[in-house]
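Trainee: sequence first, then the predicted structure:
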Amino acid sequence: MTFVMGPALLFCPADRPERYQKAAERADAVILDLEDAVAPAEKQRARGAILAQLGAEAEVPELDPSRTIIRINPSGTEEFEKDLHCLAHTPYRTVMLAKTESAEQLEALADFHVIALCETAAGVLNAPAIAAASNVVALMWGAEDLLASLGGTSSRKDDGGYRAVALHARSSVLLAAGAFGKEAVDAVYVNIPDLAGLALEAGDAVASGFSSKACIHPTQVNVVRGAYAPSEADVAEATELLHAAATAGSGVFQYNGKMVDGPILKHAEATIRRAGAHA
């Protein structure tokens, strides 16, 4: 099974099966959340809801496994073991491991494609080893849990920008993912009404190299998709640049008064790829 990551991943509480299809229809992939979005007393019911939408007699249509991620509880917890027992009876084989802190924790998930959620100090520091694990397909970072693990109170300053430690973690996880050829998922934007702020942050995620961004509300999906979709002008400029490179036939050349070399051409190629993904 080939998993479709896409730019906009939408969280959906696993104990709200009536929202499953709506979330799947609106986003590129849906993340059924068995961790933070579900109260401890409701976790078993949430697992039951995932199982209940499978099979011919299900009242809720089954989700496409290639576009479905299950966020499971942290390794070493009783809920983690129960989550794995539940997933053994489903076709879902892409999981997001909450609070991933070491490569050793991934050994119990050998039969799954794993999006490792690095949201503690240990997870961020161990991001390279985590990214190197063969069953890891992507890394994601989390801001609020990270600050909580440090004893902090907020990942953002009064102006809405991230604090330095959060920016360091964001960069560390992105670099670890890139070093091992894995996808990188940017953290959620918790200020749901602030779509302008989300657009700026999503635009930065694109420019920085994140392959996707997680969303917590359906209204955020199109904003993220818009950030990842190059404009016609961007595509035209990238196409012309690549054509000029082919004509120049040399490693370094001038184009519109600027020096162009390999890295600049890779930026243009990335724009063309993103345009194809959104065509």
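Mentor: Yes, it's here.
Trainee: tell me the centre residue of the chain?
Mentor: For the chain, the residue lying nearest the average C-alpha position, counting by Cα atoms, centre = their mean, turns out to be Val185 (3.0 Å).
Trainee: can you tell me the closest non-neighbouring residue to it?
Mentor: In space, and not counting its chain neighbours, Val185 is closest to Met140: 3.7 Å by Cβ to Cβ, 6 or more residues apart in numbering. Backbone N, C-alpha and C define where each C-beta goes, glycine included.
Trainee: who's in contact with that neighbour?
Mentor: Neighbouring residues of Met140 by Cβ atoms under 8 Å, 6 or more residues apart in numbering: Met96, Ile115, Ala116, Leu117, Cys118, Val173, Ala184, Val185, Asp186, Ala187, Ala214.
Trainee: make it 10 Å
Mentor: When the contact criterion is Cβ atoms under 10 Å, 6 or more residues apart in numbering, the partners of Met140 are 9, 31, 71, 96-97, 100, 115-119, 173, 177, 183-188, 210, 212-214.
Trainee: tell me how many other residues crowd Leu84.
Mentor: Applying other Cβ atoms under 10 Å, we find 16 other residues in the vicinity of Leu84.
Trainee: cool, Leu51 as well?
Mentor: By the other Cβ under 10 Å criterion, the neighbourhood of Leu51 contains 13 residues.
Trainee: would you check how far apart it and Arg19 are?
Mentor: From Leu51 over to Arg19 the distance is 17 Å, taken as Cβ to Cβ, to the nearest Å.
Trainee: with Ala133 instead?
Mentor: From Ala133 across to Arg19, the span is 31 Å (Cβ to Cβ).
Trainee: more neighbours: these two, which one.
Mentor: Taking other Cβ under 10 Å, Ala133 and Arg19 do not tie; Ala133 has more neighbours (21 against 17).
Trainee: ok, now how distant is the more buried one from Pro17?
Mentor: 31 Å.
Trainee: and if you look at Gly161?
Mentor: When Gly161 is compared with Pro17 (using Cβ to Cβ), they lie 37 Å apart.
Trainee: more neighbours: these two, which one.
Mentor: It is Pro17, of Gly161 and Pro17, that has more neighbours when counted by other Cβ under 10 Å, with 20 against 14.
Trainee: so who does the closest residue to that one other than its chain neighbours touch?
Mentor: In space, Pro17 comes closest to Ala49 once its chain neighbours are excluded; the distance is 4.2 Å by Cβ to Cβ, 6+ apart. Counting by Cβ under 10 Å, 6+ apart, Ala49 touches Pro13, Ala14, Asp15, Arg16, Pro17, Glu18, Tyr20, Leu32, Leu34, Val38, Glu42, Val60.
Trainee: good, we can wrap up now.
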